[in-house]
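Asker: need coordinates for the following:
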Amino acid sequence: MQPIMQPVDDEDFDLNEVRAAFDIAKRTNRPAAVEVDKTKFVVITAAMHEALVELIEDERLSEIAQERWATLDSNKLIPAEKFFKELGVKQSDLDAVGDVEIE
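Answerer: Numbering: from 1, shown residues only. Presented below is the predicted three-dimensional model:
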């Protein structure tokens, strides 16, 4: 399904319907639909939008990780101890920070 990217005529657009759909989305925490000139649109809250963006980003990162894993040369791997030593990071540094993610 291709998104429809076209202007909507003012007489076909009822802002009160959009507001009502948005209120439903906020109240139920679920998307709500609005129909304008025989085309349905989905109304979502900012929190839903952020969750969708995060979901898309997670999927993108997963694809990158899978590509990297498929081409991984295990001969180039180094132990964490050597990695941290080369960076000058001590165990006490790690303990003070808590969880550390390295990408």
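Asker: what about E17, how many neighbours?
Answerer: 14 (other CB atoms under 10 Å). Bear in mind the C-beta positions are built from the backbone N, C-alpha and C, glycine included.
Asker: pretty sure it is in contact with V34, am I right?
Answerer: Yes. Taking contacts as CB atoms under 8 Å, E17 lies within contact range of V34: 5.4 Å.
Asker: then V34 would be within a helix, right?
Answerer: No. Using DSSP: H, G, I helix; E, B strand; the rest coil, the assignment for V34 is strand, not a helix.
Asker: for it, what are its contacts?
Answerer: Residues counted as contacts of V34 (CB atoms under 8 Å, 6 or more residues apart in numbering) are E17, V18, A21, K40, F41, V43.
Asker: please repeat the previous calculation with a cut-off of 10 Å.
Answerer: Residues in contact with V34 (CB atoms under 10 Å, 6 or more residues apart in numbering) are 13-14, 17-22, 24, 40-43.
Asker: what helix or strand is the spatially most central residue of the chain on?
Answerer: For the chain, the residue nearest the mean C-alpha position is E54 (1.6 Å; CA atoms, centre = their mean). Using DSSP states H and E, the element containing E54 is helix 46-70.
Asker: that helix: what's the following helix or strand?
Answerer: helix 80-87.
Asker: show me how far the next helix-or-strand element following that following helix is from its chain's centre.
Answerer: Downstream of helix 80-87, the next assigned helix or strand under DSSP H and E is helix 91-97. The chain centroid and the centroid of helix 91-97 are separated by 30 Å under CA atoms, centre = their mean, to the nearest Å.
Asker: and for stretch 24-34?
Answerer: The answer for stretch 24-34 is 19 Å, by CA atoms, centre = their mean.
Asker: buried residues, that stretch. List them.
Answerer: Using 16 or more other CB atoms under 10 Å as the test for burial, stretch 24-34 gives I24, A25, K26, A32, V34.
Asker: quick check: end-to-end length of stretch 61-78?
Answerer: Separation of the first and last residues of stretch 61-78 by CA to CA, to the nearest Å is 22 Å.
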